[in-house]
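# model the following, please.
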Amino acid sequence: MSFKIRLAEKKDIGSLTELMHDYIVGFYQNPWPGTPEIHQLIEQLLEKQGGIQFVVEKEQQLIGFATLYFTISTMKTARITLMNDFFLLEPYRDTEVEEALFLTCRTYTQEQGFAHMFWITAPQNKRAQQFFAKMDAVQGSWVNYTIV
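Next up, the predicted model:
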């Protein structure tokens, strides 16, 4: 299977917006925050200040993306990456594309000198949990909370 993983570029905004809609609304069934807001987020990530986005391209079409945000761990007193998003269209899950996208995020984290990469996934997303276990990830013991 021929595909390319690369950093998102300005030319990707339209296609990346569609993928993010599939991810937010289709996969996680959350409300759409709005196209202008998504465009603003993508633009911020293109500046590579607080994070980056990788995209997966196959035959000049985007089929997936991953977002890494940069933050600091007090426990490690070091910079870390938060893989906030990891999404592929259905036909590309459980394939070499999925592994390559994950490894790209992990390699970036290591090569840029971050202490580690962390992420969360929905408790019902058993498929993702199996994938992460296969990639030698260790499930954490922290309990996550959210407030609106």
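# hey, which strand is longest across the protein?
strand 61-73 (DSSP state E).
# export it to PDB, keeping only CA atoms.
Output in PDB follows, covering the C-alpha atoms of strand 61-73 (Å, rounded to 0.1, in the frame of the first residue of the first chain):
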ATOM      1  CA  GLN A  61      -6.200  12.200  -0.800                       C
ATOM      2  CA  LEU A  62      -5.900  12.700   3.000                       C
ATOM      3  CA  ILE A  63      -6.900   9.500   4.800                       C
ATOM      4  CA  GLY A  64      -5.900  10.200   8.400                       C
ATOM      5  CA  PHE A  65      -4.200  12.600  10.800                       C
ATOM      6  CA  ALA A  66      -2.600  12.800  14.200                       C
ATOM      7  CA  THR A  67      -2.200  15.900  16.400                       C
ATOM      8  CA  LEU A  68       0.600  16.300  18.900                       C
ATOM      9  CA  TYR A  69       0.400  19.100  21.400                       C
ATOM     10  CA  PHE A  70       3.500  20.200  23.300                       C
ATOM     11  CA  THR A  71       3.300  20.600  27.100                       C
ATOM     12  CA  ILE A  72       5.400  20.000  30.200                       C
ATOM     13  CA  SER A  73       5.200  17.300  32.800                       C
END
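# name every strand pairing with the helix or strand that it is followed by and say which way it goes.
For strand 61-73, the following helix or strand on the C-terminal side (DSSP states H and E) is strand 78-88. Paired neighbours of strand 78-88 in the sheet (DSSP bridges): strand 61-73 (antiparallel), strand 117-118 (parallel).
# which one of the ones you listed lies closest to residue 29?
strand 61-73 (18.5 Å; Cβ to Cβ). C-betas here are computed from N, CA, C, even on glycine.
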